[in-house]
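**Q** structure of the sequence below:
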Amino acid sequence: MTYSQNAPFRADVVGSYLRPAELKKARADFAAGKIDKAALKAVEDKAIIELVAKQKAAGLHVITDGEFRRGWWHLDCMWGFAGVEKVSMDKGYFFHDEETRAESARLTGKIAFDQNHPFIEHFKFIKQFEDDTVVSRQTVPAPAQLYAELFRPENIASVHEFYGDTQKDYDELADDTAKAFHGLIMALYEAGCRNVQLDDCTWGMFCDPNFNQHYTADEFAAMQEQYAAMNNAAIEDLPEDLVITTHDCRGNYHSTWASAGGYATVADVLFGKENVAAYYLEFDDDRSGDFEPLDNAHVR
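**A** Numbering: from 1, shown residues only. Presented below is the predicted three-dimensional model:
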């Protein structure tokens, strides 16, 4: 990294951008077998180069590849771990008035970091555009997001098959998940990354009364503690010059949303116990509540 500063910046972005029409067409053509992987990569490279120019022109101090090499903000990363496979589902994720395409991540064995994880090469491409004004960021889903994905009803059988169905087994799964992400983060560091953002919609889910009403107060509190501990385990013992931030939202699909509710129900744990340098949050609107949960009573 040549730029001497790092996140959090006063003006910042979460790093995911709308895909250009040319890129969406190329991805559809690749899926239909009309172009090969090399041709798709050429379109991705071009789109990313153009995006970097726009980010720099806007005066941002952080650049990303816009997640232009992914079909999902989270699943592509999950599929890159050992013991995880891409699967088709009967139903997608349900957003407000809309359902996504139906894909997920499911276990084929114990979870582990894979040295060939595609995000490492993805980062190396964006790294080359750093200069004395910008640092490159790699966005990845939080460990808690993968854990939650594996507990979708259609996936839970694979958890029981490869880990078991007791709390001790679930703790082992959480531990393996954290270790896999720690391995990925360290591999990104070795590739030159100094800015990693954990994208995590689980807290937005916890904020929604339609979700947390299905649990007792003790169960809900225990889930929050487990998710924060899992995320923290993944980012323990990292180099001091590696900045970890997190983006906590309520979903965004075709400009619609998946959950709603203020941060008050999660503030003590999310803002008080998660060991990140900065939070990128939704705030001050009808769907995500006001600023009150960010008062000093909660924030470390």
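**Q** residue contacts, the nearest residue to Val14 once chain neighbours are set aside?
**A** Ranked by C-beta to C-beta, 6 or more residues apart in numbering and with sequence neighbours excluded, the top spatial neighbour of Val14 is His247, at 4.6 Å. In short, each C-beta sits where N, CA and C put it, glycine included. Listed by C-beta atoms under 8 Å, 6 or more residues apart in numbering, the contact partners of His247 are 14, 139, 197-200, 279-281.
**Q** phi first, then psi, for His247.
**A** phi -110, psi 120 (degrees, to the nearest 10).
**Q** do the same with Val135
**A** phi -120, psi 150.
**Q** for it, give the beta-bridge partners.
**A** Beta bridges link Val135 to Val62, judged by DSSP bridges.
**Q** separation between it and Phe9?
**A** 9 Å (C-beta to C-beta, to the nearest Å).
**Q** what sits in contact with each of the two?
**A** With C-beta under 8 Å, 6+ apart, Val135 and Phe9 have common neighbours 61-62.
**Q** which one's more surrounded, these two?
**A** Val135 (23 against 14; other C-beta atoms under 10 Å).
**Q** what separation is there between that one and Ala47?
**A** Separation of Val135 from Ala47 (C-beta to C-beta) stands at 21 Å.
**Q** bridging residues for the residue nearest to Val14?
**A** Counting by DSSP bridges, the residues bridging with His247 are Asp199, Tyr280.
**Q** just say helix, strand or coil for Gln5.
**A** Classification of Gln5 by DSSP: H, G, I helix; E, B strand; the rest coil places it in coil.
**Q** go on, Val84?
**A** Assignment for Val84 (three-state DSSP): strand.
**Q** which residues touch it?
**A** Residues near Val84 by C-beta under 8 Å, 6+ apart: 78, 105-108, 111, 146.
**Q** highest neighbour count among the residues you listed?
**A** Counting by other C-beta under 10 Å, top hit in the contacts of Val84: Ile111 with 28 neighbours.
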